[in-house]
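Q: I would like the atomic coordinates for the input below:
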Amino acid sequence: MPITIRPARRDDVGSIVAMLADDHLGRARERIEDPMPPAYFAAFDVISSADHITLVVAEEAGRVVGCLQLCILPGLSSQGASRALVEDVRVATDRRSRGIGEQLLQWAIAQARSRRCNLIELMTHQSRTDAQRFYERLGFAKSHFGMVMRF
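A: Residues are numbered from 1 along each chain as shown. The predicted model follows:
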């Protein structure tokens, strides 16, 4: 079945949050409730109004089956080059291993190139070994040691 990658809409928020919550890490961070907590919609409004952030979904037969957020970050490093940051890559559990994640990442790579970024980067939790193998297969290489501080 063909996949369409399109900008996320406000009515996609529930599907996106459900995918974000669909693993051991996401379950601890996300709230799946009806109605959805307003904070998700407030965040979506900020994201959708930012010209340097694009939240997209992969749609199959009218169903949201994947998502990805792409941030274009300007910088002084590397002679003033911009870099692309990929976040929140998810594919619905029942649609994995069908090339949807690869299509999302190839879309992000093409966008980064067209916006003249000198690199594209992403972070994945150390426990997500399947995701790490997937990213390496697409050409990403381990390069940094990530650190976080949660509030």
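Q: after the lengthiest helix in the chain, which helix or strand is next?
A: Using DSSP state H to define each element, the chain has its longest helix at helix 100-114. Under the assignment DSSP states H and E, the closest C-terminal helix or strand after helix 100-114 is strand 117-122.
Q: return the set of buried residues in that next one.
A: Residues of strand 117-122 classed as buried: 117, 120, 122 (neighbour count, 16 or more other C-beta atoms under 10 Å). (Glycine included, C-beta is placed from N, CA and C.)
Q: correct me, but the first one touches residue 84?
A: Yes - Residue 117 is within contact range of residue 84, at 4.4 Å (criterion: C-beta atoms under 8 Å).
Q: intersection of neighbour lists for those two?
A: Contact criterion C-beta atoms under 8 Å, 6 or more residues apart in numbering; residues shared by residue 117 and residue 84: residue 72.
Q: OK, contacts around residue 13?
A: So residue 13 contacts 36, 40, 41, 44 (C-beta under 8 Å, 6+ apart).
Q: give me the phi and psi angles of it.
A: phi -60, psi -40 (degrees, to the nearest 10).
Q: just the CA trace of the helix or strand bottoming out on mean pLDDT in the chain, in CSV.
A: Among the helices and strands of the chain, helix 26-29 carries the lowest confidence by mean pLDDT, DSSP states H and E, at a mean of 86. Listed next in CSV are the C-alpha coordinates belonging to helix 26-29 (Å, rounded to 0.1, in the frame of the first residue of the first chain):
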residue,chain,number,x,y,z
GLY,A,26,7.2,6.4,25.9
ARG,A,27,4.7,4.8,28.3
ALA,A,28,6.5,6.6,31.2
ARG,A,29,6.4,10.0,29.4
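Q: just the buried residues of it, please?
A: residue 26.
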